[in-house]
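Following is a predicted model, sequence given first.
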Amino acid sequence: MAHSFNAGLPRRQVLAALVGAGILAMGKTQAQAQEKPAWQPSAPVKIVIPFPPGGSSDILARFISVSVGERLGQPVIVENKPGATGSIGAGYVYGAPADGTTLLLGITDANSIYPHLVKGKVDAMKFVPVSPLASTGYVLLGRPDLPAANLQELLALMKKQSVSYASAGTGSGPQMMAVAVSQAAKADNLLHVPYTGMAPALQALMGSQVDIMLVAVGGATQYRSKLKFYGVSSAQRVAVLPDVPTLKEQGLNVVGEAWIGVLAPPGTSTAITTALADAFNRATARPEYKAKVAELGMTTLTGTTAEFGKLYADEYRKWGEVVRAANIKLE
(Lines give C-alpha, C1' and ligand atoms only; values in the text may rest on other atoms or scores of the structure.)
Protein backbone atom coordinates (compact mmCIF):
# COMPACT_ATOMS: atom_id res chain seq x y z
CA MET A 1 0.00 0.00 0.00
CA ALA A 2 1.31 3.41 -0.91
CA HIS A 3 2.01 5.73 2.01
CA SER A 4 1.43 9.45 1.89
CA PHE A 5 4.27 11.77 3.02
CA ASN A 6 2.33 12.71 6.16
CA ALA A 7 1.79 9.20 7.45
CA GLY A 8 1.86 9.17 11.22
CA LEU A 9 1.55 12.99 11.57
CA PRO A 10 -1.62 14.75 12.70
CA ARG A 11 -3.14 16.92 9.97
CA ARG A 12 -2.67 20.16 12.02
CA GLN A 13 1.07 19.52 12.35
CA VAL A 14 1.39 18.98 8.61
CA LEU A 15 -0.40 22.28 7.88
CA ALA A 16 1.74 24.10 10.43
CA ALA A 17 4.90 22.68 8.83
CA LEU A 18 3.75 23.72 5.36
CA VAL A 19 2.87 27.24 6.52
CA GLY A 20 6.22 27.51 8.33
CA ALA A 21 8.12 26.41 5.22
CA GLY A 22 6.19 28.94 3.15
CA ILE A 23 7.06 31.77 5.54
CA LEU A 24 10.72 30.72 5.54
CA ALA A 25 10.84 30.65 1.74
CA MET A 26 9.09 34.02 1.57
CA GLY A 27 11.59 35.45 4.06
CA LYS A 28 14.50 34.19 1.97
CA THR A 29 13.00 35.72 -1.18
CA GLN A 30 12.51 39.08 0.56
CA ALA A 31 16.08 39.01 1.92
CA GLN A 32 17.42 38.26 -1.54
CA ALA A 33 15.31 41.09 -3.00
CA GLN A 34 16.63 43.47 -0.35
CA GLU A 35 20.21 42.37 -1.02
CA LYS A 36 19.87 42.91 -4.78
CA PRO A 37 19.78 46.58 -5.93
CA ALA A 38 16.37 47.84 -7.08
CA TRP A 39 18.03 48.98 -10.33
CA GLN A 40 20.96 47.37 -12.10
CA PRO A 41 22.83 48.72 -15.14
CA SER A 42 22.35 46.90 -18.44
CA ALA A 43 26.00 47.43 -19.47
CA PRO A 44 29.39 48.17 -17.83
CA VAL A 45 29.51 51.46 -15.91
CA LYS A 46 32.09 54.07 -16.89
CA ILE A 47 33.48 56.59 -14.39
CA VAL A 48 35.05 59.49 -16.29
CA ILE A 49 38.00 61.17 -14.53
CA PRO A 50 38.48 64.70 -15.95
CA PHE A 51 42.21 64.66 -15.13
CA PRO A 52 45.28 62.63 -16.22
CA PRO A 53 45.96 59.20 -14.65
CA GLY A 54 47.96 58.91 -11.44
CA GLY A 55 46.44 61.68 -9.33
CA SER A 56 44.83 61.08 -5.94
CA SER A 57 41.26 61.22 -7.29
CA ASP A 58 42.18 58.82 -10.11
CA ILE A 59 43.72 56.34 -7.64
CA LEU A 60 40.63 56.60 -5.45
CA ALA A 61 38.21 55.91 -8.32
CA ARG A 62 40.17 52.86 -9.45
CA PHE A 63 40.33 51.56 -5.88
CA ILE A 64 36.58 51.81 -5.34
CA SER A 65 35.48 50.60 -8.80
CA VAL A 66 35.78 46.87 -8.02
CA SER A 67 33.48 46.81 -4.99
CA VAL A 68 30.96 49.13 -6.68
CA GLY A 69 30.92 46.82 -9.71
CA GLU A 70 30.32 43.76 -7.53
CA ARG A 71 27.29 45.45 -5.99
CA LEU A 72 25.85 46.62 -9.33
CA GLY A 73 26.47 43.33 -11.14
CA GLN A 74 28.45 45.01 -13.94
CA PRO A 75 32.15 45.92 -14.31
CA VAL A 76 33.00 49.54 -13.43
CA ILE A 77 35.59 51.00 -15.83
CA VAL A 78 37.63 54.13 -15.13
CA GLU A 79 38.38 56.35 -18.14
CA ASN A 80 40.52 59.51 -18.12
CA LYS A 81 39.41 62.47 -20.25
CA PRO A 82 41.72 65.30 -19.15
CA GLY A 83 41.96 68.89 -20.34
CA ALA A 84 40.74 72.46 -19.76
CA THR A 85 40.64 72.27 -15.94
CA GLY A 86 38.43 69.18 -16.09
CA SER A 87 35.81 70.69 -18.39
CA ILE A 88 36.43 68.24 -21.26
CA GLY A 89 35.55 65.20 -19.13
CA ALA A 90 32.66 67.08 -17.50
CA GLY A 91 31.26 68.04 -20.90
CA TYR A 92 31.48 64.44 -22.11
CA VAL A 93 29.41 63.13 -19.19
CA TYR A 94 27.01 66.08 -19.40
CA GLY A 95 26.01 64.96 -22.90
CA ALA A 96 25.91 61.22 -22.12
CA PRO A 97 22.65 59.22 -21.90
CA ALA A 98 21.06 59.45 -18.43
CA ASP A 99 20.94 55.67 -18.03
CA GLY A 100 23.39 55.27 -15.15
CA THR A 101 26.21 53.79 -17.24
CA THR A 102 28.29 57.00 -17.61
CA LEU A 103 29.29 58.89 -14.46
CA LEU A 104 31.62 61.78 -13.66
CA LEU A 105 34.15 61.95 -10.88
CA GLY A 106 33.25 65.50 -9.90
CA ILE A 107 35.75 67.74 -8.16
CA THR A 108 35.93 71.35 -6.97
CA ASP A 109 38.08 72.59 -9.89
CA ALA A 110 35.86 71.30 -12.70
CA ASN A 111 32.42 71.67 -11.10
CA SER A 112 32.57 74.46 -8.52
CA ILE A 113 35.12 76.89 -10.02
CA TYR A 114 35.59 76.51 -13.79
CA PRO A 115 31.89 77.02 -14.70
CA HIS A 116 32.11 80.57 -13.28
CA LEU A 117 35.03 81.36 -15.62
CA VAL A 118 33.51 80.09 -18.85
CA LYS A 119 29.89 80.35 -19.90
CA GLY A 120 29.76 77.22 -22.01
CA LYS A 121 27.16 74.61 -22.90
CA VAL A 122 27.47 72.84 -19.55
CA ASP A 123 25.27 74.01 -16.67
CA ALA A 124 27.11 72.50 -13.69
CA MET A 125 24.02 72.71 -11.49
CA LYS A 126 22.17 70.28 -13.78
CA PHE A 127 24.47 67.37 -12.94
CA VAL A 128 22.72 64.94 -10.59
CA PRO A 129 24.68 64.35 -7.34
CA VAL A 130 25.08 60.66 -6.50
CA SER A 131 27.57 60.15 -3.68
CA PRO A 132 30.39 62.01 -1.91
CA LEU A 133 33.75 60.20 -1.78
CA ALA A 134 36.44 62.30 -0.10
CA SER A 135 37.83 65.76 0.58
CA THR A 136 41.38 67.05 0.63
CA GLY A 137 43.09 70.10 2.03
CA TYR A 138 46.04 71.90 0.42
CA VAL A 139 49.58 72.52 1.63
CA LEU A 140 51.19 75.94 1.22
CA LEU A 141 54.68 75.19 -0.13
CA GLY A 142 57.74 77.38 -0.71
CA ARG A 143 60.78 76.97 -2.96
CA PRO A 144 63.83 75.44 -1.24
CA ASP A 145 65.76 78.73 -1.01
CA LEU A 146 62.89 81.09 -0.17
CA PRO A 147 64.05 83.45 2.63
CA ALA A 148 61.12 82.65 4.95
CA ALA A 149 61.51 79.94 7.59
CA ASN A 150 57.85 79.89 8.67
CA LEU A 151 54.41 81.24 7.78
CA GLN A 152 54.82 84.54 9.66
CA GLU A 153 58.06 85.28 7.81
CA LEU A 154 56.38 84.37 4.50
CA LEU A 155 53.45 86.73 5.21
CA ALA A 156 55.90 89.53 6.06
CA LEU A 157 57.74 88.85 2.77
CA MET A 158 54.46 88.93 0.82
CA LYS A 159 53.69 92.40 2.19
CA LYS A 160 57.20 93.69 1.48
CA GLN A 161 57.74 92.50 -2.09
CA SER A 162 56.11 90.76 -5.05
CA VAL A 163 55.84 86.99 -4.56
CA SER A 164 55.10 84.61 -7.47
CA TYR A 165 52.89 81.56 -7.12
CA ALA A 166 52.44 78.59 -9.43
CA SER A 167 49.19 76.75 -10.14
CA ALA A 168 47.89 73.90 -12.28
CA GLY A 169 46.09 76.47 -14.45
CA THR A 170 43.78 79.45 -14.24
CA GLY A 171 40.66 78.59 -12.28
CA SER A 172 42.20 75.53 -10.63
CA GLY A 173 41.70 74.81 -6.93
CA PRO A 174 45.34 75.65 -6.09
CA GLN A 175 45.02 79.08 -7.73
CA MET A 176 41.80 79.83 -5.86
CA MET A 177 43.39 78.84 -2.55
CA ALA A 178 46.34 81.14 -3.30
CA VAL A 179 43.83 83.95 -3.92
CA ALA A 180 42.19 83.15 -0.56
CA VAL A 181 45.63 83.29 1.15
CA SER A 182 46.39 86.61 -0.54
CA GLN A 183 43.05 88.08 0.56
CA ALA A 184 43.41 86.86 4.17
CA ALA A 185 47.01 88.15 4.36
CA LYS A 186 45.99 91.49 2.82
CA ALA A 187 48.84 91.08 0.33
CA ASP A 188 47.78 92.16 -3.13
CA ASN A 189 51.09 91.84 -4.98
CA LEU A 190 51.07 88.09 -5.68
CA LEU A 191 52.01 87.20 -9.25
CA HIS A 192 50.19 84.21 -10.75
CA VAL A 193 52.20 81.85 -12.97
CA PRO A 194 49.84 79.19 -14.42
CA TYR A 195 51.15 75.84 -15.69
CA THR A 196 49.46 73.04 -17.62
CA GLY A 197 49.17 70.77 -14.58
CA MET A 198 50.50 70.09 -11.09
CA ALA A 199 53.60 68.17 -12.24
CA PRO A 200 55.20 71.03 -14.26
CA ALA A 201 54.17 73.55 -11.57
CA LEU A 202 55.91 71.50 -8.86
CA GLN A 203 59.01 71.15 -11.04
CA ALA A 204 59.11 74.95 -11.42
CA LEU A 205 58.85 75.34 -7.64
CA MET A 206 61.60 72.77 -7.07
CA GLY A 207 63.79 74.66 -9.55
CA SER A 208 63.10 77.99 -7.77
CA GLN A 209 61.45 79.47 -10.89
CA VAL A 210 58.47 80.48 -8.70
CA ASP A 211 58.24 81.28 -4.98
CA ILE A 212 55.21 79.43 -3.57
CA MET A 213 52.21 77.28 -4.50
CA LEU A 214 49.37 75.32 -2.92
CA VAL A 215 49.20 71.58 -3.60
CA ALA A 216 46.65 68.94 -2.55
CA VAL A 217 48.03 67.10 0.49
CA GLY A 218 48.41 63.78 -1.34
CA GLY A 219 50.55 65.39 -4.04
CA ALA A 220 52.82 67.17 -1.56
CA THR A 221 53.95 64.54 0.96
CA GLN A 222 56.83 63.20 -1.17
CA TYR A 223 58.45 66.67 -1.13
CA ARG A 224 58.57 66.97 2.67
CA SER A 225 62.38 67.11 2.79
CA LYS A 226 62.83 69.17 -0.39
CA LEU A 227 60.40 72.10 -0.12
CA LYS A 228 59.28 74.47 2.65
CA PHE A 229 55.94 73.47 4.21
CA TYR A 230 54.17 76.51 5.70
CA GLY A 231 50.76 75.07 6.64
CA VAL A 232 47.70 73.08 5.57
CA SER A 233 44.40 74.65 4.54
CA SER A 234 42.15 72.00 6.12
CA ALA A 235 40.24 72.61 9.34
CA GLN A 236 42.43 70.14 11.28
CA ARG A 237 45.95 68.81 10.83
CA VAL A 238 46.21 65.81 8.53
CA ALA A 239 47.49 62.40 9.60
CA VAL A 240 50.11 62.10 6.83
CA LEU A 241 51.68 65.48 7.81
CA PRO A 242 51.15 65.60 11.60
CA ASP A 243 53.96 68.12 12.18
CA VAL A 244 52.55 70.69 9.72
CA PRO A 245 50.15 73.11 11.47
CA THR A 246 46.99 74.44 9.84
CA LEU A 247 47.01 77.96 8.41
CA LYS A 248 44.19 78.87 10.79
CA GLU A 249 46.03 77.80 13.95
CA GLN A 250 48.89 80.05 12.84
CA GLY A 251 46.58 83.07 12.67
CA LEU A 252 45.77 83.11 8.95
CA ASN A 253 42.00 82.84 8.54
CA VAL A 254 41.99 80.43 5.59
CA VAL A 255 40.17 77.08 5.65
CA GLY A 256 39.49 75.32 2.38
CA GLU A 257 39.21 71.79 1.04
CA ALA A 258 38.45 70.29 -2.35
CA TRP A 259 35.55 67.84 -2.52
CA ILE A 260 35.45 64.71 -4.68
CA GLY A 261 32.21 62.91 -5.50
CA VAL A 262 30.21 61.03 -8.11
CA LEU A 263 27.83 62.87 -10.44
CA ALA A 264 25.37 61.57 -13.04
CA PRO A 265 24.26 63.27 -16.29
CA PRO A 266 21.32 65.71 -16.17
CA GLY A 267 17.94 63.98 -16.11
CA THR A 268 19.11 60.77 -14.42
CA SER A 269 16.16 59.25 -12.54
CA THR A 270 15.88 58.90 -8.76
CA ALA A 271 15.63 55.10 -9.09
CA ILE A 272 19.04 55.00 -10.79
CA THR A 273 20.78 57.49 -8.52
CA THR A 274 19.42 55.74 -5.40
CA ALA A 275 20.84 52.38 -6.51
CA LEU A 276 24.16 53.96 -7.52
CA ALA A 277 24.41 55.86 -4.23
CA ASP A 278 23.77 52.64 -2.29
CA ALA A 279 26.61 50.90 -4.16
CA PHE A 280 29.06 53.74 -3.56
CA ASN A 281 28.04 54.24 0.07
CA ARG A 282 28.59 50.55 0.82
CA ALA A 283 32.05 50.80 -0.73
CA THR A 284 33.04 53.97 1.16
CA ALA A 285 31.92 52.42 4.47
CA ARG A 286 34.55 49.67 4.17
CA PRO A 287 37.59 49.97 6.45
CA GLU A 288 39.99 49.32 3.55
CA TYR A 289 38.51 52.28 1.65
CA LYS A 290 38.93 54.59 4.63
CA ALA A 291 42.52 53.39 5.04
CA LYS A 292 43.24 54.14 1.36
CA VAL A 293 41.74 57.63 1.68
CA ALA A 294 43.91 58.37 4.72
CA GLU A 295 46.99 57.03 2.89
CA LEU A 296 46.29 59.56 0.10
CA GLY A 297 46.15 62.40 2.65
CA MET A 298 42.39 62.78 2.27
CA THR A 299 39.32 62.55 4.50
CA THR A 300 36.40 60.21 3.75
CA LEU A 301 33.23 62.14 2.90
CA THR A 302 29.96 60.43 3.75
CA GLY A 303 26.33 61.45 3.49
CA THR A 304 23.06 60.89 1.70
CA THR A 305 22.48 61.96 -1.88
CA ALA A 306 20.49 64.94 -0.54
CA GLU A 307 23.34 65.97 1.77
CA PHE A 308 25.84 65.69 -1.07
CA GLY A 309 23.47 67.74 -3.24
CA LYS A 310 23.49 70.52 -0.64
CA LEU A 311 27.32 70.44 -0.41
CA TYR A 312 27.52 70.58 -4.21
CA ALA A 313 25.22 73.63 -4.40
CA ASP A 314 26.95 75.39 -1.49
CA GLU A 315 30.43 74.91 -3.01
CA TYR A 316 29.25 76.12 -6.41
CA ARG A 317 27.86 79.30 -4.86
CA LYS A 318 30.87 79.89 -2.57
CA TRP A 319 33.50 79.61 -5.31
CA GLY A 320 31.39 81.74 -7.65
CA GLU A 321 31.55 84.52 -5.09
CA VAL A 322 35.36 84.16 -4.79
CA VAL A 323 35.80 84.29 -8.59
CA ARG A 324 33.67 87.43 -8.88
CA ALA A 325 35.25 89.17 -5.86
CA ALA A 326 38.78 88.56 -7.18
CA ASN A 327 37.73 89.36 -10.78
CA ILE A 328 39.51 86.22 -12.04
CA LYS A 329 39.54 85.78 -15.80
CA LEU A 330 40.88 83.01 -18.00
CA GLU A 331 44.29 84.13 -19.28
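Thanks, I have it.

Please enumerate the helices of the stretch 201-331 of the chain.
217-220, 270-284, 287-295, 305-326 (DSSP state H, counting those that start in this stretch).

my read: residue 177 touches residue 138, true?
Yes. Residue 177 lies in contact with residue 138 (C-beta atoms under 8 Å); the separation is 5.0 Å. (C-beta placed from N, C-alpha, C; glycine too.)

hang on, the earlier thing: would JSON lines of the helices of the stretch 201-331 of the chain with mean pLDDT be doable?
Below are those laid out as JSON lines (pLDDT from 0 to 100):
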{"stretch": "helix 217-220", "mean pLDDT": "89"}
{"stretch": "helix 270-284", "mean pLDDT": "96"}
{"stretch": "helix 287-295", "mean pLDDT": "93"}
{"stretch": "helix 305-326", "mean pLDDT": "92"}
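
And residue 241, how close does it get to residue 166?
Distance, residue 241 to residue 166, by C-beta to C-beta, to the nearest Å: 20 Å.

Settle it for me: which of those two has more neighbours?
Between residue 241 and residue 166, residue 166 has the larger neighbour count (other C-beta atoms under 10 Å), namely 27 against 19.

Report the separation between residue 223 and residue 231.
Residue 223 is 15 Å from residue 231, by C-beta to C-beta.

who's more crowded, these two?
residue 231 (26 against 17).

so how many other residues sit close to the closest residue to that one other than its chain neighbours?
In this structure, residue 231 finds its nearest non-sequential neighbour in residue 247, 4.2 Å apart by C-beta to C-beta, 6 or more residues apart in numbering. Look at residue 247: counted by other C-beta under 10 Å, it has 28 neighbours.

ditto for residue 108
Residue 108: 25 neighbours (other C-beta under 10 Å).

next one: the one 3 residues further on
If you count neighbours by other C-beta under 10 Å, residue 111 ends up with 27.

what separates the closest residue to residue 125 other than its chain neighbours from residue 259, distance-wise?
Computed as C-beta to C-beta, 6+ apart, the closest residue to residue 125 that is not its neighbour in sequence is residue 316, at 6.3 Å. Per C-beta to C-beta, residue 316 is found 11 Å from residue 259.

anything in contact with each of the two?
Common contacts of residue 316 and residue 259 (C-beta atoms under 8 Å, 6 or more residues apart in numbering): residue 112.

of these two, who's got more company?
residue 259 (21 against 18).

and the residue lying closest to that one once chain neighbours are set aside, what element?
Leaving aside its sequence neighbours, residue 259 sits nearest to residue 135 (C-beta to C-beta, 6+ apart; 5.1 Å). Residue 135 is located in strand 128-142, with elements delineated by DSSP states H and E.

partners of that strand, with directions?
Strand 128-142 has the following sheet partners, assigned by DSSP bridges: strand 212-216 (antiparallel), strand 228-232 (antiparallel), strand 257-264 (antiparallel), strand 299-300 (antiparallel).

show me what contacts the closest residue to residue 276 other than its chain neighbours?
Nearest-residue entry for residue 276: residue 130, 5.0 Å, with adjacent residues in sequence omitted and distances by C-beta to C-beta, 6+ apart. Counting by C-beta under 8 Å, 6+ apart, residue 130 makes contact with 103, 261-264, 273, 276-277, 280, 305, 308.

if we can go back for a sec, quick one: the residue nearest to residue 125 and residue 115 touch, right?
Yes. The pair residue 316 / residue 115 is scored as a contact, 7.4 Å apart, by C-beta under 8 Å.

List the residues that are in contact with both of these two.
Going by C-beta under 8 Å, 6+ apart, residues that sit against residue 316 and also against residue 115 are residue 124.

helices and strands around the helix or strand where residue 68 lies, which ones?
Applying DSSP H and E as the criterion places residue 68 in helix 56-72. Applying 3 or more C-beta pairs under 8 Å, 6 or more residues apart in numbering; DSSP states H and E, one finds that helix 56-72 makes contact with strand 45-49, strand 76-80, strand 102-107, strand 128-142, helix 270-284, helix 287-295.

Quick check: which of the ones you listed is nearest to residue 217?
strand 128-142 (5.5 Å; C-beta to C-beta).

Tell me if residue 39 really is in a strand.
No. Assessed with DSSP: H, G, I helix; E, B strand; the rest coil, residue 39 is coil; it does not lie in a strand.

Leaving out sequence neighbours, find the closest residue to it.
residue 275 (4.0 Å).

What of residue 104?
In space, residue 104 comes closest to residue 93 once its chain neighbours are excluded; the distance is 3.9 Å by C-beta to C-beta, 6+ apart.
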